[in-house]
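Novice: got a predicted model here, sequence first, then my questions.
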Amino acid sequence: MLKINKLNKSYKNIKVLQNLTLHIDSGEIYGLLGANGAGKTTTINIICNLLKADSGNVQINDQPVSAASKKIIGIAPQENLLYKTLTCEENLKFFADIYGLDRETRQKQVQKTLAAVNLLARAKSPVENLSGGMRRRLNIAVALVHQPKLVILDEPTTGLDIEARYEIWELIRELKNQGITILLTTHLLDEAERLCQRIGILKNGRILAEGSLAELRNLIPAQEIVVVQTAQENEAIARAKIYGFTHRYYGNDLAFWLPETLELKEIISRFEGIAIDSIARQPVRLEHIYMEVT
Ligand SMILES: Nc1ncnc2c1ncn2[C@@H]1O[C@H](COP(=O)(O)OP(=O)(O)OP(=O)(O)O)[C@@H](O)[C@H]1O
């Protein structure tokens, strides 16, 4: 559906995208993960034909992006596009007009889209009276009103509380069920873990790793990770080495990669003679992979 081939982009002499290549299949949710400044928004702007790459190309359904691609792409940017004094309905009508929907389709699509983002009851409310979560849902509705095939969601839940995030995750899953292809950018690893079929980890404009969560997990040769609290960290690290446990610090937490699954009593026995305050077992998660790759 979306093919990004060897994109390069520099501002002055700073390389913002470096041979960026990624392909997204029809109907999948692809998560582009990256810290601030990794190049996510630049990539989106090039996909949306708002910015020109120095080299490389972007194809949607095997056609190069052009002004005509607007009809099949919907974008919900990080900063809400909404007009605060207009109602939900008026905002959607305005964007439906920009997309050139005729009067009848516009009426139908505005109502359908408000229902899809669960804002039908607030159709007549001005945006300024909505909660942050509702505004973000309406911002996503703007991306959906013209029935695009590819929807780009730039950090859709950043800054929202957990309840509002759950609502948006549900909405994103619903879009996928309808067959819409989704490019989601986020720096929230649990969001990518929950929603995305495939994930690309972007740093300094390069994809450092890409794949399904299961494929990315293979980058860490561990069945499980244990976080150990002890005042005798050096002794614990030396002991772990004997058993082939790789150690890592995640923040201040001392963790060990277990190459095989062990019973708790076996893990404890490996550290016999060392004063251990606690042992917490965790599956290998995207945050561990992200730390390793970046
Ligand atoms: N118009 C511009 N002129 C100069 N540098 C720019 C311009 N736009 C972006 N950059 C730089 O390009 C790099 C990538 O920016 P981009 O906005 O694509 O990152 P991002 O991954 O979307 O980050 P964020 O999550 O903070 O939005 C940054 O270092 C940014 O400062």
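Specialist: Perfect, thanks for sending it.

Novice: going forward, measure contacts between C-alpha atoms and count neighbours the same way
Specialist: Noted.

Novice: check Ala38 and give its pLDDT.
Specialist: pLDDT for Ala38: 89.

Novice: any idea how far it is from Gly31?
Specialist: To Gly31, Ala38 is 14 Å away according to Cα to Cα, to the nearest Å.

Novice: neighbour count: those two, which is higher?
Specialist: The residue with the greater number of neighbours, taking Ala38 and Gly31 and applying other Cα atoms under 10 Å, is Gly31; the counts read 28 against 19.

Novice: which ones are touching the more buried one?
Specialist: Under the criterion of Cα atoms under 8 Å, 6 or more residues apart in numbering, the contact partners of Gly31 comprise Leu183, Leu184, Thr185, Thr186, Ala192, Cys196, Gln197, Arg198, Ile199, Gly200.

Novice: which parts of the strand or helix carrying it are buried?
Specialist: With the criterion set as DSSP states H and E, the secondary-structure element containing Gly31 is strand 29-33. Residues of strand 29-33 classed as buried by neighbour count (16 or more other Cα atoms under 10 Å): Ile29, Tyr30, Gly31, Leu32, Leu33.

Novice: from what I see, the last one and Thr185 are in contact.
Specialist: Yes: contact criterion Cα atoms under 8 Å: Leu33 and Thr185 qualify, at 5.9 Å.

Novice: what do the two both touch?
Specialist: Shared contacts of Leu33 and Thr185 (Cα under 8 Å, 6+ apart): Lys40.

Novice: count of neighbours near Gln109?
Specialist: Gln109: 20 surrounding residues under other Cα under 10 Å.

Novice: list the contacts of the residue nearest to it when sequence neighbours are not counted.
Specialist: Nearest residue to Gln109, sequence neighbours excluded (Cα to Cα, 6 or more residues apart in numbering): Val145, at 5.9 Å. Contact analysis of Val145 by Cα under 8 Å, 6+ apart lists Leu92, Phe95, Ala96, Gln109, Val110, Thr113.

Novice: repeat that for Glu191.
Specialist: Taking Cα under 8 Å, 6+ apart as the contact definition, Glu191 lies against Trp169.

Novice: got the residues of the stretch 1-150 of the chain near the ligand?
Specialist: Remark: the part of the stretch 1-150 of the chain in contact with the ligand comprises Tyr11, Val16, Gly34, Asn36, Gly37, Ala38, Gly39, Lys40, Thr41, Thr42, using Cα under 6 Å from any ligand atom.

Novice: so what's the residue count around the fifth one?
Specialist: Going back to what we said before, that points to Gly37. Number of residues near Gly37 (other Cα under 10 Å) recorded here: 13.

Novice: with the third one instead?
Specialist: Gly34 is surrounded by 24 other residues when neighbours are defined as other Cα under 10 Å.

Novice: hang on, it packs against Leu202?
Specialist: Yes: under the criterion of Cα under 8 Å, Gly34 is in contact with Leu202, at a separation of 4.9 Å.

Novice: overlap of the contact sets of the two?
Specialist: Counting by Cα under 8 Å, 6+ apart, the common neighbours of Gly34 and Leu202 are Lys40.

Novice: state the phi and psi torsions of Lys203.
Specialist: Its backbone dihedrals place Lys203 at phi -140, psi 130, with angles given as degrees, to the nearest 10.
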